[in-house]
Every structure is written in structure tokens, then in C-alpha cells.
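A.B. asks: heads up, no residue letters with this:
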């Protein structure tokens, strides 16, 4: 039976390497190369920037500029078709069953599920819907006359930008949440995890694992067993 809390908790999940055993943006770049939409040189460029991301040193503006370049001039219906195929081929097989189970645990309690990711909204929002999230915050992409410009808009949901976007989202809600859970794998999300009441480090990178141990946070080991949504 679903919980009927008057004041539910908010459960915030990072997406990449937290809900899925991969980085969706990296998978997307590889998919665009495979489809002939992007040049193969994008993969090496993207790999170098992701190495900086792992150290908490990525220039997110530069990353978005490089990875959105293949989408310039494409209309939303074309991107939607690509994304739908991409999710079937590459995202569903990468889902953590433990992540699905944890989301369902929260939903049974009556909690609100929010995905916050430093990936473009064209990927994050449909993946969040697939997982049954109530809402999603992602990097906003500019469109003019229904076509992508390759530019972003607003505050990037990256590092402390996630906290800024979360607070703006909370200001728009009618619900006063009882508390907030937060789940992430990355040291880049330390500002977000510090901002929630109940932080969880999921398959954490070494820097986040050390911080979690020093602060007695719960560390969760989610394994990828290929038990996927179909």
C-alpha cells in the first residue's frame, strides 16, 4: 500500500554512474558517432574532458559546447526519435536494478522523486520519466524556431549549480517536504550531498568515498547485473 504522508520526503538522485552504470552523455556521443551525425574525433575530445570531470576539474561550458555541436540545426522531433532509440539500445541495458528498487522504495513511502543531472535535458528528462521520477533538473538547451542552437541556457546543473537549481525548484513547489535524501557517485556532487539531510554515496569515486567515510555517510554498493527494464 502506498504511503499517504501529508509531508513527504524528497529523494534526489544523480543520473550518471548512480542510476545507470555508465555516463549517458558519453554514451550519447558514441551513439551520434555511430549514426554518422558526429565525427569520430568527438570521442577522443569527450574522453579527455571526462577525465577532468572525474577529478572535479571539468569546464562544463566547454564540454557542452563540444558535445552539443553535432545537434546544431536539428529539430526537436529528430532529436526525440534519436533519443528514444538511444534509450532502448544503450540506457536500459545500463540501469542499476538496485537503483530501480530504491526508487520504488521511495515511491511506496509516498516520497517525491527528483533526478538532478549535469547532462542535457534532452537525455535526462526522458530517462527520468522511464524511471518513474516525478520531475528532473538538467542542463537546459536553447532552441530557436524548434531547432537546437548548440547553446545552453540558465544555470548549469553542475557542482554547486545543482544546489542553485534545486533551491529554485523547491521555491516553485507547493509541498513543504519533511526532509531530503540525496544519492550520488561523484565528488562533483559534494555541494548537493552537503545540502541534503540524508546523503548517500552510491558506488562513490575515491574522493567521495573518503569524504563519506569521514562524515559517516551511508555508502551503497549498487551492482550492474543486467536485470533491466524492458
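C.D. replies: Yep, it's here. Since we're looking at a predicted model, the values are computed, not measured.
A.B. asks: give me the pLDDT value at the spatially closest residue to residue 64 that is not a sequence neighbour.
C.D. replies: Spatial nearest neighbour of residue 64, chain neighbours left out: residue 152 (5.3 Å); criterion: C-beta to C-beta, 6 or more residues apart in numbering. Quick note: C-beta positions are derived from backbone N, CA and C, even for glycine. Each residue has a pLDDT score; the one for residue 152 is 98.
A.B. asks: which regions of this protein lie under the pLDDT threshold?
C.D. replies: 1-6, 226-230 (pLDDT under 70).
A.B. asks: now with 80, please.
C.D. replies: For the chain, the stretches flagged by pLDDT under 80 are 1-6, 225-230.
A.B. asks: ok, residue 189 - how many residues close by?
C.D. replies: 29 (other C-beta atoms under 10 Å).
A.B. asks: the residue nearest to it when sequence neighbours are not counted and residue 81, how far apart?
C.D. replies: Nearest non-adjacent residue to residue 189, counting by C-beta to C-beta, 6+ apart: residue 14, 5.5 Å away. As judged by C-beta to C-beta, to the nearest Å, residue 14 and residue 81 stand 27 Å apart.
A.B. asks: quick one, which of these two is more surrounded?
C.D. replies: Comparing residue 14 with residue 81 by other C-beta under 10 Å, the one with more neighbours is residue 14, at 23 against 10.
A.B. asks: make sure that one is actually in contact with residue 186.
C.D. replies: Yes: Residue 14 lies in contact with residue 186 (C-beta atoms under 8 Å); the separation is 6.7 Å.
A.B. asks: mind listing the helices for this protein?
C.D. replies: Using DSSP state H, the helices of the chain run over residues 24-34, 41-54, 60-68, 76-86, 97-109, 121-130, 160-171, 190-195, 206-214.
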